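Participant: Pasted the sequence and its predicted model underneath.
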Amino acid sequence: MKNRDLLSNGILLGLSFYVLLECRKFQIWADGLPAEGFFPLLLALFLGSLSGFSLLQVASRKKPTPPSHDSAQKVILWKKLIGYLAALVAYSLCFNLLGFLVSSALFLIFILRFVEKLKWFTSMMITGSALFISHFLFDKLLMVPLPGGILRWFM
């Protein structure tokens, strides 16, 4: 299993480097707006960082652990699945009413704190970082109009 993970992550990392090299043929930014090479560059950087991180994680594994199939673990997985589905339904229903920032914050906090059982500090740091990055990327950089909801005066 470790060899397959190393191979697949290595291939994805190589693919991201290839796309980065090919992006040099396109213009990244033109007239103050993203050009045809911007999104491939962004996706290649994202893919490269994820596959590189995963490659390091797989390489640092000591010994593969055999999958466990006991019933207690299956119950936990079902509870997580139901939690994710409920959060997604609530997110889609509240998105326009509450706006992007509030609904995304509630969604991420619920998932991280109550489904994945992370500590409050970790949940808040991840949520704050994700909201800041996504708001900057979509609203400020790409100028995509996001629903303001109850915070439309702030945005």
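Facilitator: Looks like it arrived, so ask away. Residues are numbered from 1 along each chain as shown.
Participant: what's the helix or strand for the residue sitting nearest the centre point of the chain?
Facilitator: The centroid of the chain falls nearest to residue 130 when counting by CA atoms, centre = their mean (8.2 Å). According to DSSP states H and E, residue 130 maps onto helix 120-135.
Participant: Which residues does that helix contact?
Facilitator: 100-101, 104-105, 108-109, 112-113, 118, 146 (CB atoms under 8 Å, 6 or more residues apart in numbering). Yep, even glycine has a C-beta here, placed from its N, CA and C like the rest.
Participant: neighbours of residue 122, just the number please.
Facilitator: Number of residues near residue 122 (other CB atoms under 10 Å) recorded here: 12.
Participant: Look through this structure and tell me its longest helix.
Facilitator: helix 71-98 (DSSP state H).
Participant: For the protein, which residues score under the pLDDT cut-off?
Facilitator: In the predicted model of the chain, residues 1, 64-69, 153-155 satisfy pLDDT under 70.
Participant: rewinding a little: what residues of the helix holding residue 130 count as buried?
Facilitator: By 16 or more other CB atoms under 10 Å, the buried positions in helix 120-135 come out as 123-124, 126-127, 131, 135.
Participant: Likewise for stretch 33-49?
Facilitator: Result for stretch 33-49 [16+ other CB under 10 Å]: buried residues 34, 37-38, 40-41, 44, 47-48.
Participant: same question, stretch 108-116
Facilitator: Going by neighbour count (16+ other CB under 10 Å), the buried part of stretch 108-116 is 108-113, 115.
Participant: Could you dump those residues into CSV with secondary structure and distance to residue 152 added?
Facilitator: Output for those, formatted as CSV (DSSP: H, G, I helix; E, B strand; the rest coil; distance: CB to CB, whole Å):
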residue, secondary structure, distance to residue 152
108, helix, 20
109, helix, 21
110, helix, 23
111, helix, 25
112, helix, 26
113, helix, 27
115, helix, 29
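Participant: Columns distance to residue 8 on top of these, output as TSV?
Facilitator: As requested, the buried residues of stretch 108-116 are exported to TSV (distance: CB to CB, whole Å):
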residue	distance to residue 8
108	28
109	32
110	31
111	26
112	27
113	31
115	27
